[in-house]
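# My questions are about this predicted structure, shown below with the sequence.
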Amino acid sequence: MNAKTGPLAPGSTIGMIGGGQLGRMLSMAAAQLGYRCHIYAPEEAPCAADVAVRHIRGDYADDGALRDFAQQVDVVTYEFENVPAGPLRGLADLVPVHPNVDALELAQDRLSEKDYVVGHGGRPAHYRAVSSLDELRESLGEIGTPAILKTRRFGYDGKGQVRIKDAGEADRAWTEIGEQPSVLEAHVRFDKEFSILIVRAQDGATRIWDAPENRHEDGILARSIAPGGGIVAEQKAAAGDLARNIADALGYVGVLTCEFFASAEGPVFNEMAPRVHNSGHWTIEGAATSQFENHIRAVCGLPLGDTSLTSERVEMHNLIGEAAEDWPRWLETDRAHLHLYGKGEARPGRKMGHVTQLF
Ligand code: AMP
């Protein structure tokens, strides 16, 4: 467990592990509050480094390089959850690490995450741990079809998942998932998807943003609409209570994101991310305090800011791949805020930017 960090005086240095667009927007929020960010990332030119004071290039598993990095900063946070937990745990002796490494480790393993959520009053889809083809067949017998087989570790944006329509597909699914420890989940019949973005401060205070409805295309978030209406509005309080229980139980500091399916039986927990999240990008213009600013406030030991909406309705559109080429059109649209991440090549599926429209 970390020592209490703050408050850290403006002018202090935040160490950010990971150099993608989340780190970029966190660094911009940190700069607004007078902090300096050092980015630790393996890429040659990560997009967060364009807006930070320093970039240290290093592997996420390089203990020595990470320790050097930690010695030059006042607090460490991360924007990416697939960082090996071991080396990060070692850093906590040198400098506070927020969110704590227990939370990171939990969110890295779908099975532990679901067990933990069940232990705190949440309800995921019916699930079973699967570590062999025989176990997969047995679990399909119990859960039925359609079902989804997901790797326990390193899944994101719909990657590391295989859909199973019928029990006869077990062999194919086991090969496709790479014969690795997995979780089989029942396919949930849901009306809408939504997320809870909660921030928890070092003194335990929490704030929750209005729950956005999230629409995915090809397993990737395409649009978030806040506030989510209808069934999302009905279920956000129960989902928010669960997210708060989890954040409290973990002694969490920073922004925590929990994704849910709104089903006829109530909110079904899907997964959590121990970080700011794509479904919270709308908060930059759409909320009094953004997820990025509140994350920085939390890790620096400052009081949290108001999370209320600034507009009746807010819509965030992701600019994925070539969609970013349409950027001039957004500049001509009133109350549309264009964000481009400064990434080079617009490969299919690559998040190049987003637009937030206020209504
Ligand atoms: P994930 O990476 O687990 O968030 O999955 C990506 C997307 O796949 C989700 O946002 C859902 O649209 C869909 N999905 C994942 N798990 C399930 C499930 N158990 N039932 C129905 N749809 C799912």
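Thanks, I have it.
# what's the spacing between the closest residue to residue 233 other than its chain neighbours and the ligand?
Nearest residue to residue 233, sequence neighbours excluded (CB to CB, 6 or more residues apart in numbering): residue 227, at 6.7 Å. Quick note: C-beta positions are derived from backbone N, CA and C, even for glycine. Distance of residue 227 to the ligand, computed by CB to the nearest ligand atom, to the nearest Å: 19 Å.
# Check the burial of residue 227 by counting its neighbours.
18 (other CB atoms under 10 Å).
# Surely it touches residue 211?
Yes - assessed by CB atoms under 8 Å, residue 227 is found in contact with residue 211 at 6.7 Å.
# now the helices for this structure?
21-32, 63-71, 85-91, 101-107, 110-119, 133-143, 170-176, 231-250, 283-286, 291-299, 327-331 (DSSP state H).
# okay, whichever residue of the stretch 151-300 of the chain sits closest to the ligand: pLDDT?
Proximity to the ligand, evaluated over the stretch 151-300 of the chain using CB to the nearest ligand atom, is greatest for residue 188 at 3.7 Å. If you check residue 188, the pLDDT there is 97.
# In contact with it: list those residues for me.
Taking CB atoms under 8 Å, 6 or more residues apart in numbering, we find residue 188 in contact with 125, 261, 263, 268.
# what does residue 30 give?
14, 36, 37, 296.
# among the contacts of residue 188, who's most crowded?
Result: residue 268 is most packed of the contacts of residue 188 (other CB under 10 Å), 23 neighbours.
# Now do the nearest residue to that residue once chain neighbours are set aside against residue 180, distance only.
Spatial nearest neighbour of residue 268, chain neighbours left out: residue 261 (4.3 Å); criterion: CB to CB, 6+ apart. From residue 261 across to residue 180, the span is 25 Å (CB to CB, to the nearest Å).
# does residue 38 have beta-bridge partners, and which?
Taking DSSP bridges, one finds residue 15, residue 54 as the beta-bridge partners of residue 38.
# For this protein, what lies in contact range of the ligand?
Within the chain, the positions lying close to the ligand (CB under 6 Å from any ligand atom) are 125, 148, 155, 158, 185, 187-188, 193, 216, 219, 259, 270-271.
# and which of the contacts of residue 188 is nearest residue 347?
residue 261 (29.2 Å; CB to CB).
# what about that closest one, distance to residue 191?
The separation that residue 261 has from residue 191, given CB to CB, amounts to 8 Å.
# Ok, residue 40 next?
For residue 40, the distance to residue 191 equals 41 Å [CB to CB].
# Pick out whichever of the two has more residues nearby.
With neighbours defined as other CB under 10 Å, residue 40 and residue 191 compare such that residue 40 has more, 30 against 13.
# Residue 101: how many residues sit nearby?
Residue 101: 22 neighbours (other CB under 10 Å).
# ok, it - contacts?
For residue 101, the contact set (CB under 8 Å, 6+ apart) comprises 85, 88, 89, 92.
# Show me the shaky parts of this protein.
Applying pLDDT under 70 to the chain picks out residues 1-6, 155-158.
# That one - how does it break down into domains?
Per automatic domain parsing, the structural domains of the chain span 13-97, 126-186, 192-358.
# would you list the ones you listed in CSV and tack on distance to residue 7?
Output for the domains of the chain, formatted as CSV (distance: least, CB to CB, whole Å):
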stretch, distance to residue 7
domain 13-97, 11
domain 126-186, 33
domain 192-358, 4
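# For residue 103, which of those domains is the nearest?
Per CB to CB, nearest to residue 103 of the domains of the chain: domain 192-358, 4.6 Å.
# what's the span of that closest one, first residue to last?
By CA to CA, to the nearest Å, the extent of domain 192-358 from end to end equals 21 Å.
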